[in-house]
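Engineer: Okay, structure incoming, though there's no sequence with it:
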């Protein structure tokens, strides 16, 4: 009987250790990510007049997110989301999925500089060093934040009723303002908006 109780007690201790360890790792991850949130800027591929900007931020659900911007002179030539952002003991990595490019690097002890390498699909390796900045020289911060909000809106889910109301509004605006809406698509418009399915939805409220 005593042996059985001892075994149960040991299982409880092990479970508590696992839970505490997991929570500590989770909290450490959040703490680590918070210290890189914001903008980082630096030169990329020296001699090509390229400026690289990283932006790390938390989404509304608390998930880590980020974007990479690249400028040649004052012309923006890249704006891509970052995926699989991982930060562990100052070791940072992420993927630019659109370019099939991996980044691996580290944060300096002062938390104000990131150094590392981009590994391109052709296996070439390109070093980079970026420093934390309050406001990137080549970005309008307000414009970037508005763009980030737009990405959140694209992920938002709407009810069937909300979508139907939007469709009705769009139709009414087109019919009231467009001078020749059905000139070339008369039958298509009639078929769509007078279909039994569309009319049935109009009466289901």
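Structural biologist: Perfect, I can see it now. Predicted, not measured: the structure shown is a model, and the values here were computed from it.
Engineer: Give me the number of neighbouring residues for the residue nearest to residue 77 when sequence neighbours are not counted.
Structural biologist: In this structure, residue 77 finds its nearest non-sequential neighbour in residue 70, 5.4 Å apart by Cβ to Cβ, 6 or more residues apart in numbering. The C-beta positions use only the backbone N, C-alpha and C, and glycine is treated the same way. Residues near residue 70, counting by other Cβ atoms under 10 Å, number 17.
Engineer: other SSEs contacting the helix or strand containing residue 70?
Structural biologist: Here residue 70, judged by DSSP states H and E, is contained in strand 64-72. If you count contacts as 3 or more Cβ pairs under 8 Å, 6 or more residues apart in numbering; DSSP states H and E, strand 64-72 packs onto strand 50-58, strand 75-81, strand 83-88.
Engineer: how far off strand 50-58 does the second one point, in degrees?
Structural biologist: With axes from the mean of the first three to the mean of the last three Cα atoms, to 10 degrees as the basis, strand 75-81 and strand 50-58 are set at 30 degrees to each other.
Engineer: So what touches strand 75-81?
Structural biologist: 65-71, 96-99, 138, 151 (Cβ atoms under 8 Å, 6 or more residues apart in numbering).
Engineer: again, but for the last one
Structural biologist: In this structure, residues lying in contact with strand 83-88 by Cβ under 8 Å, 6+ apart are 29, 32-33, 36, 56, 64-66, 92-97, 107.
Engineer: and it, what's its mean pLDDT?
Structural biologist: The pLDDT scores in strand 83-88 average 91.
Engineer: and the angle from it to strand 50-58?
Structural biologist: For strand 83-88 against strand 50-58, the angle by the same axes, to 10 degrees is 80 degrees.
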